[in-house]
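Chemist: Could you look at this predicted model? Sequence included:
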Amino acid sequence: MKITWSWLPLFFLLPAALVLFGKQKTPSKDARTGFAVVELFTSEGCSSCPAADQLVEKIAAENGGKRVYIASYHVDYWDRLGWKDRFSKKEYAAYQYAYAKQFKLNSVYTPQIVINGQLQFVGSNGILLRSSINNNLNQPETAQLTLQRAESDPAVCKVQYALEGGETSAALLFVLLQKKAVVRIERGENQGKTLSHTNIVRAVKSLTSGQLSGTLSIPVPADMRGEWELLCYAKDPAGKILTAQSIQAEPVK
């Protein structure tokens, strides 16, 4: 589906949440030469999207242990067409509209994939996705991001973060990911289907340029269940993702 766009801000604030344990993933020295942030824009109301959802699930399985970070943003502009996607938010659509401006597109569409903020294409294109991931894994990153848990309680957690070697104008996005969900669709284009989702974006909190280190307090949403992950990535003013890192979350019962 394509939607004509208007200018909306690239960075936005939303509540985010999780209870963290341990330290961030520590890749090998060789693995630090590159990374790939795969942002998927999808919707349960779009008949073309299940193929893309299945693709990123396969990509996650194929790249275990590598610096491949998947974030599935569920947009809200499909919600009025028969099925309300409970994971959708208008802020995620606003983020996609900003990419439309960046890439000089005439419209937004689903499914769409963006790699490291620099390349966009149809989200079900597995050949292009795999080649793009491999290309980015072989490119040296220009900055380094560290994450570490701080004191937390069941309702709020604190994350210590630091960005080194990047531009002072870089902005940081902290993205809360629900690792898995299975949903039975009752109406709309996917009526009767049971859809599986991977790394669903449940909330995002962004820090504007200049806030390159500190402690971030994150409230825990009341409906959090299952396995979670906190992904953080740094963007320069042109939209390029400079580096990324994630930290696992303790399952919420």
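Modeler: Arrived safely, thanks for sending. Residues are numbered from 1 along each chain as shown.
Chemist: which residues in the stretch 151-253 of the chain form strands?
Modeler: Under the criterion DSSP state E, counting those that start in this stretch, strands of the stretch 151-253 of the chain are mapped to 156-164, 171-184, 194-207, 213-219, 226-235, 241-252.
Chemist: Then the stretch 1-150 of the chain?
Modeler: So, for the stretch 1-150 of the chain - with DSSP E, counting those that start in this stretch - the strands run 2-4, 36-42, 68-74, 107-109, 112-115, 119-122, 144-149.
Chemist: want to try CSV for the ones you listed, with mean pLDDT, distance to V56 and mean neighbour count as columns?
Modeler: Yep, even glycine has a C-beta here, placed from its N, CA and C like the rest. Shown next, in CSV, are the strands of the stretch 1-150 of the chain (pLDDT from 0 to 100; distance: least, C-beta to C-beta, whole Å; neighbours: other C-beta atoms under 10 Å):
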stretch, mean pLDDT, distance to V56, mean neighbour count
strand 2-4, 51, 21, 12
strand 36-42, 98, 5, 26
strand 68-74, 98, 5, 25
strand 107-109, 97, 16, 17
strand 112-115, 98, 8, 23
strand 119-122, 98, 13, 16
strand 144-149, 88, 22, 19
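Chemist: Now do F103 against I185, distance only.
Modeler: Separation of F103 from I185 (C-beta to C-beta, to the nearest Å): 30 Å.
Chemist: ok, the two, which is more surrounded?
Modeler: I185 (18 against 14; other C-beta atoms under 10 Å).
Chemist: Quick check: end-to-end length of stretch 110-117?
Modeler: Start to finish, the residues bounding stretch 110-117 are 17 Å apart (C-alpha to C-alpha, to the nearest Å).
Chemist: before we move on, the earlier item: closest to C232 out of the strands of the stretch 1-150 of the chain?
Modeler: Ranking the strands of the stretch 1-150 of the chain by proximity to C232 (C-beta to C-beta) places strand 144-149 first, at 5.9 Å.
Chemist: which other helices and strands contact the closest one?
Modeler: strand 156-164, strand 226-235, strand 241-252 (3 or more C-beta pairs under 8 Å, 6 or more residues apart in numbering; DSSP states H and E).
Chemist: now that strand against strand 156-164, angle please.
Modeler: If you take axes from the mean of the first three to the mean of the last three C-alpha atoms, to 10 degrees, strand 144-149 sits at 160 degrees to strand 156-164.
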